[in-house]
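Asker: Turn this into a structure:
(chains A and B)
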Amino acid sequence: MTAILEASPPSPPPPPSLPREEPPRRKPPMSQKTRQERNLGWKLVAPAFLVMMAVVLYPILNALYLSLFNYRLTDASARSFIWFTNYQVILTDSAWWDAVWVSTIIMVASIVIEFPLGMALAMVMNRVVIPRRTLRTVVLIPYSIITVVSAYGWQYAFQPSSGFISKWLHDITFGAFNSQYDWFGHHWSALVAIMFSEVWKTTPFMSLLLLAGLAQVPGELLEAAEVDGATFWERLRKVTLPAMKGAIMVAMLFRALDAFRIFDNIFIMTNGSVGTTSVGVLAYTQTITRSEIGIGSAISILLFVLVCLIAFVFIKVFKTDMGKVRGE
Amino acid sequence: MDLKFSSRRAGGAVIAAALATSGLAACGASASATPTLGWYYQPDNGGTAILAQECSDGSNGEYKITTHQLPVSSDSARQQLVVRLAAGDSSISMISLDPIYIPEFAQAGFLEQIPDSDAAAVTKNAFQPAINAARWDGKLYGVPWQGNVQLLWYSKPVVKAEGLDMAKPVTWDQIIDAAKADHKTIAAQGALYEGYAVWINALVQSAGGKIVLNPGAQPDKLELGLDSKAGETAAAIIAKMVSAGVSGPALSTEEEAQSLALFQGSGTAALASNAGFMVNWPYVWAAFTASQRSEVGFTQYPEAVAGMPAKIPFGGIALVGTTTTKYHAQVLAAEQCLSSPTHQEQYLVHEASPMVDSALYSLPATKSEFPDGLAAAIVTAEDHAGPRPQSQFYNDLSSALETKFSPPDSVNSSTPATAQKFILQVLKGQKLI
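Answerer: Sure, this is the predicted structure:
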């Protein structure tokens, strides 16, 4: 089995004409075809790139500028330049670190739960022939529902007065679970409800991305592994997962960033009470609820930095060469 | 060549058509010079639209009111209004504003002052707390319009079983003990939202205290009265209600609508089987079925300290004109029309909503809407209302207050002191909410 992967073509020995002192890690010169492809690519993305610069870069730079001010929207005349005081207030406030902690927990839990679930769904969708379209549609239904709507739905489901969750748990546990349990009255139970809603809503997205990755796995490799006597788990671990490493990285990265920036579910279900304020909710509270544009912008900038950091860590951890994914 | 020529001609035709159209539009605009007033209001059952139409028709072309709905909750409405008014949105001419935001909006320069010469006319017969709430810094910024006050609603069988005399003032201790003894609930608003601040403020004021001691002061000079005997009494009542197990299953997410649902239950024949008491606004009366009404009683808000009259939560709506509109005179005329006794009565009957004109409550139409002494109970409550603290920083103040008192089952004797310290730090820009 391992031989299959090791059988990938070894890197060719350097041609004898090349001098031995040539740095071995130097990038090979770009072929004509690759260069043309790259140029065409730039031309194709240029309009979108310019629009993105206008609608994304400008607000980011503006937020960076505003974050250096003490600026309340309802007291604009008192606006004053205070350098990095807002950042100092934020980083020394336990509310910020609590919010980072909540966002991190939700991010980690989402990925840990959604990846195996999404992978299983993707494999089912990949294998099932009849009814393939119906199955894919059904699986994607939660993702097609607006998050605010699903958040309200799950809020009602968890609330003791209107919901069924506590009642079901009460029945399943033969009365051990309190049928009137207040899920949103306690920190961890509220987080569980929020994460449940988040996972329910976004697992289809994860499975969709993983399905695209599964389609990239060469069928002949799987067949060869099967002929060699590899079990299902061995084929999954040694062939399927390594072959779709790029897709896994993209799926996990997208979900990690989305989950870290969670807002809708918390806003609807608890509004940040019982210690469920995420970084996104914290930024909203300062900027929109309090009209404190300066400190709210500073939180947004810090959130942006954290998101960049997460993306950087993911790319480093996965060590994915997107060129390889493209088959170059 | 032909193609070039024809395309140039076509281009010329398009430009000519565009110019002609814009010219016509300009003519049309000058022909219909009736100023359009955008009235932003909180959702109701159509009463606002009816009044807007009647006043527009009655103005003889002086103005035309268009109505625009705001979000249901007053804090969400505030968020939208602050952003738009700060951006100088001139389409907002008039607002049905929760008066608690008048200081903040007036301080920010969003509100047009009502001229002193008109102040007496637009406040005639209005309950004094409503007039006070529409004032800031000695000036009148809003026309008092709706005058909401909370009452104590109760299940008649429960008070009978517990031997409570509801003709006399009752205390929070009494109703908590009664609900506990009879395994019933008390519905109140403990969710993390502005309504929770309303409850906390009522408890503090009813215990003889005040949350803000020097309204209008800047954060560095602001003095709060939460860390006091009154604050401790307020915290003790909330803590007792939770520990007695009478606050219902989800006080931490309970707003007005959930309180009503807890008290009313899902049936129509009777109240919820565990319904005991509820503090809520008079609009709940319209939600009860006829058979439920026979079970429901109402009286004045409970006292925090026996023998000390309760300071009743006061809400309502003031009609305010914005500085961003071009039509100040027309807005004032529209406000005068909408707040006339006739239109207040019309709105009261249509919406079953208490209005500020005290003369309305002796009219048969009002007594029909609020029967069995409910009209008189509302008038008494209006006279004993204890407004929320007036402050240009009310939004921050209430948010910080709710945060430290949330969830209700975490409230203890040290909560008022913690909340006071936290509120001041937030207002000084030293803490996040």
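
Asker: CA atoms for contacts and neighbours, from now on please.
Answerer: Noted.

Asker: Please, which helix or strand holds the residue nearest the centre of chain A?
Answerer: For chain A, the residue lying nearest the average C-alpha position, counting by CA atoms, centre = their mean, turns out to be A:Arg255 (1.8 Å). Assessed by DSSP states H and E, A:Arg255 sits inside helix A:245-260.

Asker: C-terminal to that helix, what's the next element?
Answerer: helix A:264-269.

Asker: List the neighbours of that following helix that are in contact with it.
Answerer: Outside helix A:264-269, the residues that touch it by CA atoms under 8 Å, 6 or more residues apart in numbering or on different chains are A:147-148, A:151-152, A:155, A:184, A:194, A:197-198, A:272, A:276-278, A:281.

Asker: would you list these in CSV and tack on pLDDT and distance to chain B?
Answerer: Below are the contacts of helix A:264-269 laid out as CSV (pLDDT from 0 to 100; distance: CA to the nearest CA, whole Å):
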residue, pLDDT, distance to chain B
A:Thr147, 94, 19
A:Val148, 95, 15
A:Ala151, 96, 14
A:Tyr152, 95, 13
A:Gln155, 94, 10
A:Phe184, 91, 7
A:Ile194, 97, 14
A:Ser197, 96, 17
A:Glu198, 95, 20
A:Gly272, 92, 8
A:Thr276, 96, 12
A:Thr277, 96, 10
A:Ser278, 97, 12
A:Val281, 97, 10
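
Asker: show me the contacts for A:Met53.
Answerer: Taking CA under 8 Å, 6+ apart as the test, A:Met53 contacts no residue whatsoever.

Asker: in chain A, what residue is nearest chain B?
Answerer: Relative to chain B, the nearest point of chain A is A:Thr74 (4.9 Å; CA to the nearest CA).

Asker: that's a strand at that residue, yeah?
Answerer: No. Going by DSSP: H, G, I helix; E, B strand; the rest coil, the assignment for A:Thr74 is helix, not a strand.

Asker: if I read this right, it contacts A:Arg290, doesn't it?
Answerer: No. Under the criterion of CA atoms under 8 Å, A:Thr74 is not in contact with A:Arg290, lying 9.4 Å apart.

Asker: quick check, B:Lys180 in a strand?
Answerer: No. When three-state DSSP is applied, B:Lys180 is found to be helix, with no strand at that position.

Asker: so what pLDDT did residue 143 get?
Answerer: As the question left the chain open, I've gone with chain A. Predicted confidence (pLDDT) for A:Tyr143: 91.

Asker: Chain B was what I was after
Answerer: 97.

Asker: Report how many residues lie close to it.
Answerer: 31 (other CA atoms under 10 Å in any protein chain shown).

Asker: ok, now the one 5 residues further on?
Answerer: Per other CA under 10 Å, the neighbour tally for B:Asn148 reads 24.

Asker: check contacts around the nearest residue to B:Pro35 once chain neighbours are set aside.
Answerer: The shortest distance from B:Pro35 to any residue other than its chain neighbours is 4.9 Å, reached at B:Tyr63 (CA to CA, 6 or more residues apart in numbering or on different chains). Neighbouring residues of B:Tyr63 by CA under 8 Å, 6+ apart: B:34-37, B:56, B:330, B:334.

Asker: buried subset of those?
Answerer: B:36-37, B:56, B:330, B:334 (16 or more other CA atoms under 10 Å in any protein chain shown).

Asker: low-scoring pLDDT stretches of the chain, where are they?
Answerer: I'll assume chain A. A:1-27, A:320-328 (pLDDT under 70).

Asker: ah, I was thinking of chain B
Answerer: B:1-32.

Asker: Now do the contacts for B:Val170.
Answerer: Contacts of B:Val170 (CA under 8 Å, 6+ apart): B:302-303, B:306.

Asker: go on, A:Pro142?
Answerer: Counted by CA under 8 Å, 6+ apart, A:Pro142 has contacts A:200-202, A:204.

Asker: now do 6 Å
Answerer: With contact taken as CA atoms under 6 Å, 6 or more residues apart in numbering or on different chains, A:Pro142 is in contact with A:Lys201.

Asker: what's the helix or strand for it?
Answerer: Per DSSP H and E: helix A:132-144 holds A:Pro142.

Asker: what comes up buried for the longest helix anywhere in chain A?
Answerer: Assignment by DSSP state H gives helix A:94-127 as the longest helix of chain A. Residues of helix A:94-127 classed as buried by neighbour count (16+ other CA under 10 Å): A:95-96, A:98-107, A:109-111, A:114-115, A:117-119, A:121-126.

Asker: Same question for stretch B:116-135.
Answerer: B:119, B:122-124, B:126-135.

Asker: out of those residues, which are inside helices?
Answerer: B:119, B:122, B:128-133.

Asker: Just name the closest of these to chain A, please.
Answerer: Distances from chain A to those, taken by CA to the nearest CA, are shortest for B:Ala133, at 19.2 Å.

Asker: who's in contact with the closest one?
Answerer: B:Pro99.

Asker: Tell me which stretches of chain B form strands.
Answerer: Applying DSSP state E to chain B gives strands spanning B:36-41, B:64-69, B:94-97, B:135-136, B:139-140, B:142-146, B:151-155, B:185-187, B:275-280, B:296-299, B:317-321.

Asker: Pull up the pairing partners for the first one, direction included.
Answerer: So that's strand B:36-41. Paired with strand B:36-41 in the same sheet, following DSSP bridges, are strand B:64-69 (parallel), strand B:94-97 (parallel).

Asker: That strand relative to strand B:317-321, how many degrees between them?
Answerer: 150 degrees (axes from the mean of the first three to the mean of the last three CA atoms, to 10 degrees).

Asker: Next: the second one.
Answerer: Taking the same axes, to 10 degrees, one finds that strand B:64-69 is oriented at 130 degrees with respect to strand B:317-321.

Asker: Show residues contacting strand B:64-69.
Answerer: B:36-43, B:52, B:56.

Asker: Closest to A:Phe177 out of these?
Answerer: B:Pro43 (39.8 Å; CA to CA).

Asker: ok now do that closest one, which residues does it touch?
Answerer: Contacts for B:Pro43 (CA under 6 Å, 6+ apart) come out as B:Gln69.

Asker: for it, phi and psi?
Answerer: phi -50, psi 140 (degrees, to the nearest 10).

Asker: Please apply the same query to B:Ile92.
Answerer: Dihedral angles (degrees, to the nearest 10) for B:Ile92: phi -90, psi 110.

Asker: so it touches B:Gly38, yeah?
Answerer: Yes. Counting by CA atoms under 6 Å, B:Gly38 is a contact partner of B:Ile92 at 5.1 Å.

Asker: Spell out which parts of chain A neighbour chain B.
Answerer: Neighbours of chain B within chain A, by CA under 6 Å from any CA of the partner chain: A:74-75, A:180, A:182, A:185.

Asker: For ChimeraX, write the selection for the buried entries among these.
Answerer: A single ChimeraX command selects the buried members of the residues of chain A next to chain B (16+ other CA under 10 Å):
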select /A:74,75,180,182,185
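
Asker: what comes up buried for stretch B:175-193?
Answerer: Those would be B:175-180, B:182-193, for stretch B:175-193 by 16+ other CA under 10 Å.

Asker: Please report the number of neighbouring residues for the residue of the stretch 251-400 of chain B found nearest chain A.
Answerer: Scanning the stretch 251-400 of chain B for the residue nearest chain A gives B:Ser252, at 5.5 Å (criterion: CA to the nearest CA). Other residues lying near B:Ser252 total 26 when counted by other CA under 10 Å.

Asker: how about the residue nearest to it when sequence neighbours are not counted, what does it touch?
Answerer: In space, and not counting its chain neighbours, B:Ser252 is closest to B:Ala191: 4.6 Å by CA to CA, 6+ apart. The contact partners of B:Ala191, by CA under 6 Å, 6+ apart, come to B:252-255.
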